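Q: what follows is a predicted structure for the sequence shown.
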Amino acid sequence: MDIEQVIKELNELKEKTEKKITILDISVFVLVFILIILLSKTITEKKVLLIVLIGICVFTILVGNTILSKKYKKSFKNTLIPLALKQFGDNITYNEKGIDKDLVYSTEMFGDFTSFSSEDTVSGKFNEVLFTSSDVRIGYYVSTGKTINYVPICHGQLYIFDFNKNFNTKTIITERSIAMPEECKKIKLESTVFNKQFRIYSDNEQETFYLLTPHFMEKLLELEKRHEGDLFIGLMNNKLHIGIHNDKDRFEPPLFSEFDKRTFDNQLDDLYLIKDIIEELKLNVKIFI
């Protein structure tokens, strides 16, 4: 099936989904409006009941919209995404499930987070370099005594690449101040520009200098400039980890907005980024392996 036919069928499903959501939302809003009028005229004893009913109505909209859009979103991910991946060869696969929480926690790149979710994993091989990328939502909760507030650390994407050098060190580079592993100490590199932009932590300073070549640092700075949000970079277990905190949710289908060939092209952006990272950081050039 070609791209135009897939987009046509998805648009038909999208329109049906939007119609169902609109009917549900209008019906519930009318009911809420009636309840609010009754609330202003009723006696105190019944106000609590009406407030509860209004809350149930709001909850119905949230849950109902999710249920009604589920089939459309699933069709979008199961048809358009694989079609997009084929543009990059047969070595790329997609899975709705996310990356493992324990794996992410073991990198220690994001400190002691307490909230984690992940979905939409793309993995495979570009230019003989194995990679995995997933959407992640990483954060923690802070209690002020009266309220509990959520603090996001990295809402965006996490990329994991095979590195082109063997090493034993754990090196973490971040634009944000987070709790680092006890064995890692803050270090400074020869590049003053890099030192100003990032905090660098390592458990083996000498090996970190060997890994962070001038070319590698230059390309990381370029990556930071091209993407909004904070970067988290980790070198450990012979792999390069890159987290981008950009509040971007990949592979989400449009609702109540235009859906055309450009929507398809936008799904390719992340794959181009993976390809660019591999090529610009020269991860496909094997060194001392």
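A: That came through, no problem.

Q: the top helix by length along the chain: which residues count as buried?
A: Ranked by number of residues, the top helix in the chain under DSSP state H is helix 3-41. By 16 or more other Cβ atoms under 10 Å, the buried positions in helix 3-41 come out as 6-7, 10, 13-14, 17-18, 20-21, 24, 28, 32, 35, 39. C-beta coordinates here come from the backbone N, C-alpha and C atoms, glycine included.

Q: average pLDDT across the helix or strand that it is followed by?
A: Heading C-terminal from helix 3-41, the first helix or strand you meet, by DSSP states H and E, is helix 44-75. The pLDDT scores in helix 44-75 average 81.

Q: quick one: contacts of the helix or strand following helix 44-75?
A: Sequence order places helix 81-85 as the next helix or strand after helix 44-75, per DSSP H and E. For helix 81-85, the external contacting residues (Cβ atoms under 8 Å, 6 or more residues apart in numbering) are 1, 3, 6, 92-94, 122, 251, 264, 267-268, 271.

Q: just give me the closest of these to Ile233.
A: Taking Cβ to Cβ as the measure, Ile233 lies nearest Val122 of these, at 19.4 Å.

Q: ok, that closest one touching Asp270?
A: Yes. The pair Val122 and Asp270 qualifies as a contact (Cβ atoms under 8 Å) at a distance of 7.2 Å.

Q: what do the two both touch?
A: Shared contacts of Val122 and Asp270, defined by Cβ under 8 Å, 6+ apart, comprise Ser133.

Q: return the per-residue confidence for the closest residue to Leu220 other than its chain neighbours.
A: Nearest non-adjacent residue to Leu220, counting by Cβ to Cβ, 6 or more residues apart in numbering: Ile233, 6.6 Å away. Looking at Ile233, its pLDDT reads 94.

Q: quick one: Ile233 from Tyr201, how far?
A: 11 Å (Cβ to Cβ, to the nearest Å).

Q: just Val6 next, same as before
A: 46 Å.

Q: what does Gly139 give?
A: 21 Å.

Q: cool, Lys16 as well?
A: The gap separating Lys16 from Tyr201 is 52 Å, by Cβ to Cβ.

Q: and what of Leu35?
A: Going from Leu35 to Tyr201 by Cβ to Cβ gives 55 Å.

Q: ok, Glu224 next?
A: Distance from Glu224 to Tyr201, counting by Cβ to Cβ: 17 Å.

Q: among the two, which residue is more densely surrounded?
A: Tyr201 (22 against 18; other Cβ atoms under 10 Å).

Q: can you name the residues that contact the more buried one?
A: 171-174, 180-181, 184-187.

Q: please pick the buried ones from those residues.
A: Using 16+ other Cβ under 10 Å, the buried ones in these are 171-174, 180, 184, 187.

Q: neighbours of the closest residue to Lys20 other than its chain neighbours, just the number please.
A: Using Cβ to Cβ, 6+ apart and skipping the chain neighbours, the partner closest in space to Lys20 is Leu68 (4.9 Å). When neighbours are counted by other Cβ under 10 Å, Leu68 registers 20.
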